[in-house]
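Chemist: sequence below, structure please.
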Amino acid sequence: MSNNIQRTVIASALTAIFALGAALPAQAAEPVVQGPESVQDWYNNGQRFIHKSKHLRAEHRHAKNVILFVGDGMGISTLTAARILEGQLNAKPGEENRLSFEHFPNLALSKTYSWDQQTSDSAPTMTAMVTGYKAREGMLSVNHLTARGECDAAKIAANSLPTILEQAAAAGKATGVVKLGGKPEASDGLSFATKRAMESFPVTLYTSADCVAECKNARDLLNGRGTPFTEKMLQKPEDFEELKQLVGDVFIPSIKVGKQNFRGFEAGAYNNLLDLAGYPKSAAFGTKPTGSGEKP
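Modeler: Coordinates of the predicted model:
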């Protein structure tokens, strides 16, 4: 085939393609879903966004309050689906919608992976949020040196990580946790280190009706740390026998933390037992005292 013939064929093909392209808009059917916005609307929205962004200023003031909202499963695809659905529920196409927090002046994305697994579960994810430490899968508020299923209280205490709630409480700040939904999640547990310790190392305080000052000191220490405990006031012969079997004689007050016990009251000894069991050092805001000292 000569060069002239090749050029003629190519020119004819291009002419046909351009003619087809020009005819398409006239022949195209109306879209099934058509939004109310015009090209000018999108341009105007972009200009408004730029205008608002120019007026943002850096904040150098210290925050008075901090509220951490945690939504499970907040990946980009989930947010996109939620954004569209909310818009459609408001009788709009949906894509143009913005979720409430998407109006915030500052937004960011974060990667979620645990120390030993690519897809993390709620436990190490929440640990990272409130301690700043990347932990092992299934581990709450302990570092990656802690083996999964570790039951040694001393090792757990040595590897434990203070949460922002515990640090705030220790600094005299008011703290609290609000949960929406009835199903318990691993992300709930981290801020409830007390619950975890209580299940593994329950605390029982043995008192009697004639024990006043030292028993009050023991209660105050436990309540000051927000430690839930059962107060057993000795009345019946079997109560006295139980305490005797525990500490070797009838000594009031006495305390039992898990399988460990101490006779008498000594603040340092009590705190050491509670620390090893993993109880927080201070009570969270709103914690109600337990162990009133009344007869059961």
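Chemist: which residues touch A82?
Modeler: For A82, the contact set (C-beta atoms under 8 Å, 6 or more residues apart in numbering) comprises L99. C-beta: built from backbone N, CA, C; applies to glycine.
Chemist: my understanding was that M233 contacts D210; is that so?
Modeler: No. In this structure M233 lies outside contact range of D210 using C-beta atoms under 8 Å: 10.4 Å.
Chemist: any weak-confidence spans in this protein?
Modeler: Applying pLDDT under 70 to the chain flags the ranges 1-37, 179-193, 283-296.
Chemist: show me the helices in the stretch 1-150 of the chain, by range?
Modeler: All helices of the stretch 1-150 of the chain, identified by DSSP state H, counting those that start in this stretch, fall at 3-27, 39-54, 76-89, 122-131.
Chemist: more neighbours: which of M233 and D210?
Modeler: Shown here are M233 and D210; by other C-beta atoms under 10 Å, M233 has more neighbours (18 against 7).
Chemist: what's across from the more buried one in the sheet?
Modeler: For M233, the residues forming beta bridges with it (DSSP bridges) are T207.
Chemist: how near is it to K64?
Modeler: Note on M233: its distance to K64, by C-beta to C-beta, to the nearest Å, is 44 Å.
Chemist: next one: I164
Modeler: 15 Å.
Chemist: which one of those two is surrounded by more residues?
Modeler: Taking other C-beta under 10 Å, I164 and K64 do not tie; I164 has more neighbours (16 against 5).
Chemist: my read: that one touches V130, true?
Modeler: Yes. Under the contact definition of C-beta under 8 Å, I164 touches V130, with a separation of 4.9 Å.
Chemist: identify the contacts common to the two.
Modeler: Common contact partners of I164 and V130 (C-beta under 8 Å, 6+ apart): L68.
Chemist: run a quick neighbour tally on V66.
Modeler: Neighbour count for V66, taken as other C-beta under 10 Å: 9.
Chemist: again, but for the one 5 residues further on
Modeler: When counting by other C-beta under 10 Å, one arrives at 11 neighbours for G71.
Chemist: next: the one 3 residues further on.
Modeler: The local packing of M74 (other C-beta under 10 Å) involves 13 other residues.
Chemist: contact partners for T131?
Modeler: Listed by C-beta under 8 Å, 6+ apart, the contact partners of T131 are 141, 161-164.
Chemist: what's the answer for A154, then?
Modeler: Residues in contact with A154, defined by C-beta under 8 Å, 6+ apart, are L276.
Chemist: which of the residues in the host helix or strand of it are buried?
Modeler: Under the criterion DSSP states H and E, the helix or strand holding A154 is helix 153-159. When neighbours are counted by 16 or more other C-beta atoms under 10 Å, the buried residues of helix 153-159 are found to be 153, 156-157, 159.
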